[in-house]
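>>> model this:
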Amino acid sequence: MSPSTESRAQRGRRNLRQFLTFGLVGGSGIVVNLAVTIVLKWLVPHYQHVALDLPFTRFNLRWYHVIVIVAFVVANTWNYQLNRHFTFKARGRTGWWRGLVNFMGIGGAALLVGLVIQTLLLKENSTFYLGRIEWLDDSNGLRTKLYWATLIQIALTMPINFLMNKLWTFRAVRSGHPEEAPITAPVVAPEYSPQLVERQKADEARVD
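Now for the predicted structure:
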């Protein structure tokens, strides 16, 4: 196997390992996202109600948009911390807050896509409205349209998150170098030897 082929194989294995770890971390993030979504659903007015009319437009922000945004911030902070330590092993390469801002920026792009997906799934006059499915009548947790819309939009935006965070937020690890700093041997002072001193004096005398 040539060095270039071996290098490509190593990169492929590393990318697969990172994607699988990212998926596991994302799975835990889904649990956090759903937990926040469930709590907020019970704290705010009905998720289909208007939360805020957008000035100078005919559009509005509904409570399910608010729930999605808050759940995104909490879950993405959770995911960032785990990905920083386990998936991309980027701790020590960049500041925590700087990395978080980048991670949220990338996630923000995915969030916008997710909000569009969520709107298409929950807007009553949308072609993709989940309410057209008879058993999704919000009568219990498994029948709640909000929860299914959340799961669908997470599943569709996760690949975007992975690719963009690998290429930008955690780009320091793309070279494949280990996280730890190289180990260097300590500098040790030479052992004092009277014979060595006498030899040095004799050499100096001969030079003179």
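>>> Could you identify the longest helix within the chain?
Across the chain, the longest stretch assigned as helix under DSSP state H is helix 3-43.
>>> and residue 50, backbone torsions?
phi -80, psi 130 (degrees, to the nearest 10).
>>> same question, residue 45
According to degrees, to the nearest 10, residue 45 has phi -60, psi 180.
>>> do residue 60 as well
Dihedral angles (degrees, to the nearest 10) for residue 60: phi -150, psi 160.
>>> these two touch, right, it and residue 48?
No - the pair residue 60 and residue 48 fails to qualify as a contact (CB atoms under 8 Å) at a distance of 11.3 Å. Glycine gets a C-beta too; all of them are placed from N, C-alpha and C.
>>> who's more crowded, the two?
residue 48 (15 against 12; other CB atoms under 10 Å).
>>> While we're on that one, how confident is the model there?
Turning to residue 48, the model gives it a pLDDT of 93.
>>> and if you look at residue 52?
92.
>>> That one is in contact with residue 61, isn't it?
Yes - using CB under 8 Å, residue 52 is in contact with residue 61, at 4.2 Å.
>>> can you give me the helices for the chain?
3-43, 63-82, 96-122, 145-164, 194-207.
>>> So which of those is nearest residue 131?
helix 145-164 (6.1 Å; CB to CB).
>>> tilt between the closest one and helix 63-82?
For helix 145-164 against helix 63-82, the angle by axes from the mean of the first three to the mean of the last three CA atoms, to 10 degrees is 40 degrees.
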